[in-house]
Every structure is written in C-alpha cells, then in structure tokens.
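Participant: Next comes the sequence, and after it the predicted model I'd like to discuss.
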Amino acid sequence: MDPKRVETIIIGAGITGSVLSFYLNSPIFDKAKMAGGRCSTGRMNSKFLYDKGATMYKNSFHYILNKKSYTFNLNNYLVRNFPEFKINQIYENMFIPQKGMMDLVGIFINNYNLNNIKISKIIKENELFLIKDELNNSYFAKNCIITCPLPQAFELIQETTFLKEWEEFTQKYIHYKKTLVATGLWENLKINSNQKISELNHNDDLEYFTIESEKFLEFQNLILSIQFSKKFSELHFDNWMDTNKDLSLEKTPMIENFFKFIFDKYKIEYRSPEKIRAHRWKFSTPILSMFDRDGDIDFDSLIYKEYLELCKKNNLYLTGDWVYGQRAPKCIIGALQLSSIFLGRNLLMEVNS
C-alpha cells in the first residue's frame, strides 16, 4: 500500500490534540479506544457517568500576546462556537460538561479525522516525516505534532536526528506524576449535605475526592471517586489492577477503608459499594511545566520563543500540558495559538472579539 500523504499529522487525542485537529483539519491518532486523554469519562453499569482524570475545569485564564494581556473565558468560547454544548456549574469558577470531561474533547473531534490505532515509529526522510502505525500502514507528512506525554513522545522519535536536541530542551519537564484512581458505586444511596462535593488534601494518601453523582446531578445513586497522592500511587502502581483491569483483590479492603473515611465525614453509615472501578495514569501530569498550572501563559516569553524555534526547525511540534500546564482551558489556549501559527491568522483574537 502506498503511503498516505498529508500536510500535518497529530498524535494524541487529548484536549490539545483534538483542538489542533479541529482547526487544522488534520488526521489524529491515539492508541486508546476513544479520544479524551486525561479528560476521559467512564460509565458505571453502562449509564452512570464519572470522570477518570480531570473532574472539572476552571473557566477563566489570562494570557499575554504581543505585549498585551487578555482573558480567555472558556464558557464564552464554547457558547459562541458550540451552542448545543451543555454545562453544569459546580463552584463559582468551576464547571463540568453535562456529559463529562470527555465531551469537552469530543466537540473538537471530527470522526473522519480520528484513527484509534497506535503509532509505532516516526522517522524523517528528506523533508517529510514517515509515520508508521502498528498495522504497518505508512503516512507521509510535512509537519508532525505530538501531544502525548514527553516519555511517550521520545519513544516515537528515537530514530530521528533531533531527539537529543529535544531531550536537552525538555530536561526540566520530562518528569511526570503517577496517579491511581478508585471509583465506587452505591445504588439507591443519597448524600444530603451542604459540604463541597470535592476536597483536596495535599500530602495525604487520599489526595483528592469528588462525589461524581452530585456533579452529574444523579441524586438517586452515589458515585464516589478518589485520586491518590504521588507517593501512594508510586507504591501501589504495579499491582493496582488485575488482568481484567479491575481493582486487584488485595487492594479492595484498603480502598474500602478510604471510602469509609469519606462516609464518616458525611455522617453516612457505611456499606460496601456494588461496584468499584480502578484506573491508573502512568503519566498523569507533568511535575513541572513551562507555564505554571494556574498562572498566565506568556506567549512573548523567551522560553516560549525558543520552544517555537525548536519546533519550526524540523517541523516537529512536541506540545501538550508540559508546555501550557495541566488545566484543560490552558491547553485549549495553547492549541489555539499554535493553530494560529499554522493558519496565519490570530484565532485567539477571533475568539475574544
């Protein structure tokens, strides 16, 4: 079969890759069965929604471009461009798509552009990239954009001459946090409380939990999700799940103790959940990113200009949350700006107009 030829190819169908694919109308590849990345949404008993990674999004962020400061309001952007998209407000500046965080990715995915297949190798031949998937199909592209975590990106470009240059530039950003997640379902159980539906506990094993059923306005059944700390996740990562990707039996009693702790907090008599789902993120979030998690994105900064020079040098763009920070709206801002460079028009100015 002759290689397919495209202008730009994108690898990684998380929030950054999906926005780039939407604006550049480029094919996007992801080894997962569905798009989403860390914005993945699962279902309990085939109907009850819960988010596996990111659980909600902060609406507004600032960015600096051409020596001016702007505010990007994600909800305004969504209403203007995707009027059918529905949103629930959780807190003052925190929101959730009615169908889960994965829906925030899904609105940008043109299904004819999405390829659920693993890319196995990327090499550069003359002025073009030769990209091969696991079925040995080949693609030629002028530009290659890789949005998956840096360790996975480096595996793909091992045979390129510019691997070392990228490794040197990204040495501060190469380290990622592992995160384990456990989600339980209790049918016909309600929580009646004025407490917040999420809680962050830095430095504890139980780092973060959300009452997913409250978030999705599913008041008849309780869905509770826990994200564990870096230390806990590293300790239990390898034997977290069994071969069926269920929580391993040896971990179940320990996880029930964490669930019981939250039940006690809400003054609810504990009973075991009808179902427990487990998930693990090997590359959850970068420990250090080019732009701070909650700070401004400065597109005028020297480090960002150096980054773009490296990208343009060989038409290879490694991008994603290691650049923009782990917040979904910041990755959207970054993808809009990168798309602007390819298209020769200022998308960020257009969405703010």
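Facilitator: Happy to help now that I have it.
Participant: what about the helices in the stretch 151-300 of the chain?
Facilitator: Assigned helices in the stretch 151-300 of the chain, in chain order: 163-169, 212-215, 230-236, 252-265 (criterion: DSSP state H, counting those that start in this stretch).
Participant: I'd like to know which of these lies nearest to residue 152.
Facilitator: helix 163-169 (12.9 Å; CB to CB). Where C-beta positions appear, they are placed from N, C-alpha and C, glycine not excepted.
Participant: Which strands or helices does the closest one pack on?
Facilitator: helix 150-156, helix 302-314 (3 or more CB pairs under 8 Å, 6 or more residues apart in numbering; DSSP states H and E).
Participant: Looking at the ones you listed, which one is packed in the most?
Facilitator: Per-residue neighbour counts averaged over each of these give the maximum for helix 150-156, namely a mean of 18 (mean count of other CB atoms under 10 Å).
Participant: now it, how far from the centre of its chain.
Facilitator: Its chain's average C-alpha position is 16 Å from that of helix 150-156, according to CA atoms, centre = their mean, to the nearest Å.
Participant: picking that back up, which one of the helices and strands packed on helix 163-169 lies nearest to residue 127?
Facilitator: Proximity of the helices and strands packed on helix 163-169 to residue 127 was assessed by CB to CB; the nearest stretch is helix 302-314, lying at 9.7 Å.
Participant: following the closest one, which helix or strand shows up next?
Facilitator: Read in the C-terminal direction, the helix or strand following helix 302-314 is strand 316-318, with elements assigned using DSSP states H and E.
Participant: Residues contacting that next one, please?
Facilitator: 129, 143-146, 150, 153, 157, 160, 162, 166, 170, 311, 338 (CB atoms under 8 Å, 6 or more residues apart in numbering).
Participant: Can you tell me what sits against stretch 296-308?
Facilitator: For stretch 296-308, using CB under 8 Å, 6+ apart, the contacting residues are 61-67, 69, 169, 290-291, 323-325, 330, 333-334, 337, 341.
Participant: make that stretch 82-93, sorry
Facilitator: Stretch 82-93 is touched from outside by 56, 58-60, 75, 78-79, 95-99, 103, 107, 196-198, 215-217, with contacts defined as CB under 8 Å, 6+ apart.
Participant: Kindly list the longest helix within this protein.
Facilitator: Counting residues, the longest helix in the chain under DSSP state H turns out to be helix 328-343.
Participant: and it, how far from the chain's centre?
Facilitator: On CA atoms, centre = their mean, the centre of helix 328-343 falls 15 Å from that of its chain.
Participant: which of the residues in the helix or strand following it are buried?
Facilitator: Sequence-wise, the next helix or strand downstream of helix 328-343 (DSSP H and E) is helix 347-352. Judged by neighbour count (16 or more other CB atoms under 10 Å), helix 347-352 contains these buried residues: 347, 348, 351.
Participant: For helix 347-352, which helices and strands make contact with it?
Facilitator: Using 3+ CB pairs under 8 Å, 6+ apart as the contact definition, the elements that helix 347-352 packs against are strand 68-73, helix 74-81, helix 328-343.
Participant: which of these is buried the deepest?
Facilitator: When neighbours are counted by mean count of other CB under 10 Å, the highest per-stretch mean among the helices and strands packed on helix 347-352 falls to helix 328-343, a mean of 22.
Participant: per-residue confidence averaged over it?
Facilitator: Across helix 328-343, pLDDT averages out at 97.
Participant: Stretch 129-138 now?
Facilitator: Stretch 129-138 shows an average pLDDT of 93 in the prediction.
Participant: Could you shift the numbering so residue one becomes 664, and keep it that way?
Facilitator: Happy to do that; since the first residue is 664 now, the last one works out to stretch 792-801.
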